[in-house]
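S.K.: Whatever this is, show me its structure:
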Amino acid sequence: MSDSVGATAPAPVTVLLVEDDEVIRRSVAMALERYGYRVLVAADGLTGLELFREGRHDLLLLDVMLPGLDGIGLCRRIRETSTDPVLMMSARGDALDVVSGLEAGADDYVVKPVDTAVLVARIRSLLRRASFTPSAAEPAGPPEQAGPLVFGDLSIDPAALEVRRGGERIALAPTELRLLLEFAAHPGIVRDRQTLLREVWDYGWDGDTRVVDLCVQRLRKKIGAERVETVRGFGYKWTR
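M.R.: Residues are numbered from 1 along each chain as shown. Below you'll find the model as predicted:
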């Protein structure tokens, strides 16, 4: 008898897709299913919010323009209670759409019409960040710290993936936490935006550096603006 008999296959990754355009919704869902994803769909923001609250997903893929509750508002509602990975879709890639989505708490965005290979690459990257599972190409890195990293009233525990400020636990989205760990691992060293895109966002190509700037802004609000210094023309530096 084969050793695999009776073994339970791993559950497929579930993407909650919220898109009002039926053609795009069906084509994106079919494309993701061909890659082995399970896809839940909603045609408007309020239905998407209901499905989100059921918690049967691993990642959310939200269109910006939605009836009832738009993608920006939906993302904000999600971020009130959850750090689940969120990928926004913008029809135009307009700066206002992109910035609004990232400010609302999205981890990344893609521009429609969506290239399937790019979409799947972004989803895989987001899921790796959410689970903190390195890709096979990534080095193992230095040995884990014996204990938390302490910077004044800020404590970062890389092993427990826990951050506290003044003794109170801070809820960070996966991308925010990876960005914080990247800064804390290189105190006093300027990290340029392209390096951060590669190390934190797992981009193997040049990405939009606005995702870095907006994530830094969100992180500053949670841990203290003074801890991440802007080095004009270069990038950012962890100062304390």
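S.K.: domains of this structure?
M.R.: 14-131, 149-238 (automatic domain parsing).
S.K.: Just put those domains in TSV and tack on mean pLDDT and mean neighbour count.
M.R.: Where you see a C-beta, it was placed from the backbone N, CA and C, and this is true even at glycine. As requested, the domains of the chain are exported to TSV (pLDDT from 0 to 100; neighbours: other CB atoms under 10 Å):
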stretch	mean pLDDT	mean neighbour count
domain 14-131	91	18
domain 149-238	88	17
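S.K.: Could I get the contacting residues of the residue nearest the centre of the chain?
M.R.: Closest to where the C-alpha atoms of the chain average out (CA atoms, centre = their mean) is residue 107, at 3.4 Å. Counting by CB atoms under 8 Å, 6 or more residues apart in numbering, residue 107 makes contact with 85, 86, 87, 126, 129, 173, 174, 175, 211, 215.
S.K.: can you list contacts of the one helix or strand the third one maps to?
M.R.: Spelled out, that is residue 87. Using DSSP states H and E, residue 87 sits within strand 86-90. The contact list for strand 86-90 (CB under 8 Å, 6+ apart) reads 19, 59-64, 71, 75, 78-79, 97-98, 101-102, 105-112, 114, 122-123, 126.
S.K.: ok so, going back, look up the closest residue to the residue nearest to the centre of the chain, ignoring the ones flanking it.
M.R.: residue 175 (4.5 Å; CB to CB, 6 or more residues apart in numbering).
S.K.: Downstream of the helix or strand containing that neighbour, the next helix or strand is which one?
M.R.: Using DSSP H and E, residue 175 sits in helix 174-184. Heading C-terminal from helix 174-184, the first helix or strand you meet, by DSSP H and E, is strand 190-192.
S.K.: so what's the residue lying closest to residue 89 once chain neighbours are set aside up against?
M.R.: Sequence neighbours aside, residue 63 is the residue nearest to residue 89 in space, at 4.9 Å (criterion: CB to CB, 6+ apart). Contacts of residue 63 were listed using CB under 8 Å, 6+ apart, and they are 18, 19, 20, 21, 24, 71, 88, 89, 91, 112.
S.K.: could you redo the last one with a cut-off of 6 Å?
M.R.: 19, 71, 89 (CB atoms under 6 Å, 6 or more residues apart in numbering).
S.K.: Would you mind measuring from it to residue 14?
M.R.: As for residue 63, its distance to residue 14 is 18 Å (criterion: CB to CB, to the nearest Å).
S.K.: before we move on, back to that, and the residue nearest to residue 89, its phi and psi?
M.R.: phi -80, psi 150 (degrees, to the nearest 10).
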